[in-house]
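Student: Have a look at this fold, sequence not included:
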């Protein structure tokens, strides 16, 4: 006698679904599929039938209502899983990092530490001149600072062609990369445009 396959299939209703009708008014179908109510309440759900959860998911836009700056800040927070972080060399932001607090019995880090000390003594410690809000967008597009709006547009067009899903066989990774590139380009374009307008206003 053959054993029946008991594995849950991808489009099977959620076993935890409540015994109720679809949340779409007038739909008599059984609610078997959950969907988050909003970006702020991801653990509170609507319960839909299969057809309506597909429609809801097709319209879902996590970043709806956010401006480019807010989207950029959200993406940067996601890099560290929304946990606080501090500049390398500081413990929890509470004080200077001491070299002897590292356990380095093989001396692997000694050369790097000594070179850093010599650099400070010579006054050659590199200073990052990039505006803090633009550092991640600049790195995303592979651009230095200062940069012109024309350079940003040229770089964006090149990356957009390279990572467009149609040029990558519909690859989802390329699609997500393109979204990140779009966010970075928007942040840089807005900043440079506003800076140019402010400069024109001062000279005018």
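Tutor: Happy to help now that I have it. Bear in mind the structure is a predicted one, so any value in this text is a computation, not a measurement. Numbering: from 1, shown residues only.
Student: How about residue 196, nearest residue that isn't a chain neighbour?
Tutor: Once flanking residues are discounted, residue 196 sits nearest to residue 149: 7.1 Å by Cβ to Cβ, 6 or more residues apart in numbering. From N, CA and C alone the C-beta is placed, and that goes for glycine too.
Student: need the contact list for that neighbour.
Tutor: Contacts for residue 149 (Cβ atoms under 8 Å, 6 or more residues apart in numbering) come out as 189, 192, 193, 196.
Student: most neighbours, which of these?
Tutor: residue 192 (19 neighbours; other Cβ atoms under 10 Å).
Student: In space, what's closest to that residue - neighbours in sequence excluded?
Tutor: Nearest one to residue 192, counting by Cβ to Cβ, 6+ apart, is residue 149 at 4.5 Å.
Student: now residue 175
Tutor: residue 165 (4.6 Å).
Student: One more: residue 66?
Tutor: Distances taken as Cβ to Cβ, 6+ apart place residue 74 nearest to residue 66, at 7.1 Å, with adjacent residues excluded.
Student: roughly how far apart are residue 162 and residue 182?
Tutor: Counting by Cβ to Cβ, to the nearest Å, the gap from residue 162 to residue 182 is 13 Å.
Student: between the two, which one's more packed in?
Tutor: Legend: neighbour count by other Cβ under 10 Å for residue 162 and residue 182, higher for residue 182 (17 against 13).
Student: tell me the pLDDT at residue 107?
Tutor: Residue 107 is assigned 61 on the pLDDT scale.
Student: To clarify, my last question referred to residue 121.
Tutor: The model's pLDDT for residue 121 equals 59.
Student: for stretch 28-35, the distance to its chain's centre please.
Tutor: The chain centroid and the centroid of stretch 28-35 are separated by 31 Å under Cα atoms, centre = their mean, to the nearest Å.
Student: buried sites along it?
Tutor: By neighbour count with 16 or more other Cβ atoms under 10 Å, stretch 28-35 contains the buried residues 30, 31, 32, 33, 34, 35.
Student: residue contacts, the nearest residue in space to the fourth one that is not next to it in sequence?
Tutor: Nearest residue to residue 33, sequence neighbours excluded (Cβ to Cβ, 6+ apart): residue 53, at 3.9 Å. Counting by Cβ under 8 Å, 6+ apart, residue 53 touches 33, 34, 35.
Student: which one among those gets closest to residue 25?
Tutor: Checking those against residue 25 with Cβ to Cβ, the nearest one is residue 35 at 15.6 Å.
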